[in-house]
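Colleague: pasting the sequence and the predicted model now:
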Amino acid sequence: MKVSRLAVGSFILPFSLNPFSVVISQESTDSLTDPIVVTATLGPKTTGESLSSVTVIGEKDIRLQQPKEFRELLESQPGVSVSRSGSFGKQTSVFIRGHASDASVLLVDGIRVRSATVGGAAWQYLPPQLINRIEIVRGGRSSLYGADAVGGVIQAFTLPQHEGKSGWLEAGAGNYDSQQYAAGAAFSGNSSKLSIGVNRFRTEGAPVIRDGDDKSYNSTSGAASGSHEFNNGVRTGFTFLNADGDSEYAGGEEDFVFQVAGVSLDVPVTENWRTLLQLSDARDELEDFSSFPGVFNTRTRNSRLENWLTSGTHEFVLGAEYTVDQVDSSVSYDERSRSNSAVFSQALLNFGALDIHLSARSDDNESYGTEQTWGAGAGYALDRHHRIRASAGTSFKAPSFNDLYYPNFGNPDLQPEEATSYELGIEGRYVRWFWDVAVFHSDVEDLSLPSQDAAGSIPEARLRGVEFSSGWIQNGWSLKVVASAGDYEDKRDGRQLIRRAENTVRVDLDKELGTWVLGTTVRAESQRYDDLFMIGRERIAGYGTWDLRARKDLAPGWVASLTLGNVLDKEYTTAKRFDNADYISAGRTAFLSVRYEFGL
């Protein structure tokens, strides 16, 4: 069944990625079998119509899991492997389909955030307590998002904007002397919507290496978003998220700021033409207190214009984007700013059972020149429940400021990493359950520029694998099963690329029992390797974990939640330190929280 871009139920959907004004019913976004996503095609489509491999983590799932770190929601999802240097706010890398962590894009409410110096996002500092929804799109998307969208795009959406007026308070505590306090309020009327929330999380933390001292983490965060639609259909919106705090690690401590801010204007020019203008500012700031102290503050300002045109069942996008990266650092970089100009287009064509998606983009960067990328996909509905899809495209990862300009290290002549990717998938979606299988293949040139996770550059790499996901919901039961099997290798010698687990599996099971919701997560990842300076290649054993959770409605508006992570107290590692010491997990965690929701 086709879902109109114009409306889902009684909720109007704009013709854009613009999450400041995207309003989708909670029933649609939390749908297990075919939820609506906006990241894959810049605008609302069901996962089936998007012709992409997409995982959606909705508000209900996030509330049940009560994550303290954003990576907890991503770990062992299809095609996703996470590596980290300890627990609670420590350095985190996210690998999608074997591509490096800085070869995937992180969006917060449509705004890209990353460090321009290292090239990747500070995944560990995004506060999950203020996130309402996550979309994980796997596969190259440079033809829509430009540089670094090689492995995929992960978009996090902030606070919900439910109908009516409401507020909430929350407090919790757990082992490792962990504490959390939060509050928020929301207003949603016919034409105006506003949400605001704050969160404070602190912990004395756990050792990050064996026999080490506890390493603390503190984060204070806030988020706000709103929109207003005028009588003539013009819609304005804004979004803001800020997290700042400090995190100790083995050898020092760092203060951080993670921030995004943006405003938007969505104008219906004619019945078949809408224009969106989005202006944004993203900041990644870090001050390091160690044997080698330093300040690394980066700022990305972006202006993006999209024109959405419709003709019958066909949709077209013509757009332009201008981005400026700036670096303010105690290190004397040879260059401290660079700009990027881009034009892009997309065609979403529908011929009954056949959907065709085409996209193209040209980026002109003053550091490394011009890059052209393209994407093409086709999907065919075999019947009302089954669809096959195929896609191909090119993408690229840009060299960072460290790659190009770091004193006595950077090479200003470096060129972008380039990839060509292919995917073939088939899915079945029914009333209460779904399944999806995808096979993918990527050929990458110049994988792992110097600032990435490998020692040196790999001339050619081959990344291929298969992903499976399935879900079922009935009579209060909810089950999700996902698995990935990959082969991520250096084509010169066939060796597995470092820090990526090639095989992963995850099972989430929840059951509603009156005023109770009980759930569990079991997941496992296979072995991986690390390359250490002066030591060489070291194997890291695979691992498995088991989590439990419970949620209880105490009284009208009152909810208590208990989570037990790594119930069997399994010690495991996903990365090694330069001296071959294992970065270890925190072990068993427990956290109890109480939340009160009320009308205003």
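Modeller: Good, I have the coordinates. Numbering: from 1, shown residues only.
Colleague: residue ranges with poor pLDDT in the chain?
Modeller: 1-31, 161-162, 447-457, 534 (pLDDT under 70).
Colleague: quick one, helices of this protein?
Modeller: Counting by DSSP state H, the chain has helices at residues 26-29, 59-65, 71-74, 142-145, 401-405.
Colleague: can you tell me the closest non-neighbouring residue to S337?
Modeller: Q326 (4.7 Å; CB to CB, 6 or more residues apart in numbering). Any C-beta I mention is one placed from the backbone N, CA and C, and that applies to glycine too.
Colleague: please report the number of neighbouring residues for that neighbour.
Modeller: 16 (other CB atoms under 10 Å).
Colleague: quick one: the helices of the chain as a markdown table, columns for mean neighbour count and distance to N199 too.
Modeller: Converted to a markdown table, the helices of the chain look like this (neighbours: other CB atoms under 10 Å; distance: least, CB to CB, whole Å):
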| stretch | mean neighbour count | distance to N199 |
| --- | --- | --- |
| helix 26-29 | 17 | 21 |
| helix 59-65 | 18 | 13 |
| helix 71-74 | 20 | 15 |
| helix 142-145 | 26 | 28 |
| helix 401-405 | 24 | 31 |
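Colleague: any idea which of those gets closest to G599?
Modeller: helix 26-29 (17.1 Å; CB to CB).
Colleague: which residue packs closest to F88, ignoring adjacent ones?
Modeller: Using CB to CB, 6+ apart, the nearest residue to F88 is Y217, at 4.1 Å.
Colleague: ok, back up a step: wait, the residue nearest to S337 touches T298, no?
Modeller: Yes - Q326 is in contact with T298 according to CB atoms under 8 Å; the separation is 6.8 Å.
Colleague: phi, psi of I498?
Modeller: Backbone torsions for I498, taken as degrees, to the nearest 10, come to phi -80, psi 150.
Colleague: before we move on, the earlier item: common neighbours of Q326 and T298, please.
Modeller: A116 (CB atoms under 8 Å, 6 or more residues apart in numbering).
Colleague: what's near enough to touch the most centrally placed residue in the chain?
Modeller: Residue closest to the average C-alpha location in the chain (CA atoms, centre = their mean): I154, at 2.6 Å. I154 makes contact with L74, V94, I96, S104, V105, L106, L107, I134, E135, I136, V137 under the criterion CB under 8 Å, 6+ apart.
Colleague: can you give me the strands for the stretch 201-350 of the chain?
Modeller: Taking DSSP state E, counting those that start in this stretch as the test, the strands found in the stretch 201-350 of the chain are 214-229, 235-249, 252-270, 273-290, 294-311, 314-329, 337-351.
Colleague: tell me which of these lies nearest to Y405.
Modeller: strand 314-329 (8.4 Å).
Colleague: quick one: the closest one to strand 337-351, angle?
Modeller: 160 degrees (axes from the mean of the first three to the mean of the last three CA atoms, to 10 degrees).
Colleague: quickly run through the sheet partners of strand 314-329, with directions.
Modeller: strand 294-311 (antiparallel), strand 337-351 (antiparallel) (DSSP bridges).
Colleague: for these, give me JSON lines that also has distance to P412.
Modeller: What follows is the strands paired with strand 314-329, written out as JSON lines (distance: least, CB to CB, whole Å):
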{"stretch": "strand 294-311", "distance to P412": "18"}
{"stretch": "strand 337-351", "distance to P412": "11"}
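Colleague: save those as JSON lines, and put in mean neighbour count and distance to S561 too.
Modeller: Shown next, in JSON lines, are the strands paired with strand 314-329 (neighbours: other CB under 10 Å; distance: least, CB to CB, whole Å):
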{"stretch": "strand 294-311", "mean neighbour count": "18", "distance to S561": "36"}
{"stretch": "strand 337-351", "mean neighbour count": "17", "distance to S561": "40"}
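Colleague: follow-up on the earlier one: nearest to A590, out of the strands of the stretch 201-350 of the chain?
Modeller: strand 214-229 (16.1 Å).
Colleague: which helices and strands sit right next to the closest one?
Modeller: strand 192-207, strand 235-249 (3 or more CB pairs under 8 Å, 6 or more residues apart in numbering; DSSP states H and E).
Colleague: how near is the residue nearest to S337 to Q278?
Modeller: Remark: distance between Q326 and Q278 (CB to CB, to the nearest Å) = 19 Å.
Colleague: which ones are touching K165?
Modeller: With contacts defined as CB under 8 Å, 6+ apart, K165 is in contact with A185, A186, F187, S188, G599, L600.
Colleague: try it again at 7 Å.
Modeller: The neighbours of K165, taking CB atoms under 7 Å, 6 or more residues apart in numbering as the test, are F187, G599, L600.
Colleague: tell me how many other residues crowd the closest residue to the second one other than its chain neighbours.
Modeller: Spelled out, that is G599. In space, G599 comes closest to S166 once its chain neighbours are excluded; the distance is 5.8 Å by CB to CB, 6+ apart. A total of 18 residues lie near S166 under the criterion other CB under 10 Å.
Colleague: list the contacts of S166.
Modeller: S166 neighbours (CB under 7 Å, 6+ apart): A186, E597, F598, G599, L600.
Colleague: what's the answer for S391, then?
Modeller: S391 touches L51, G139, G375, A376, G377, E423, counting by CB under 7 Å, 6+ apart.
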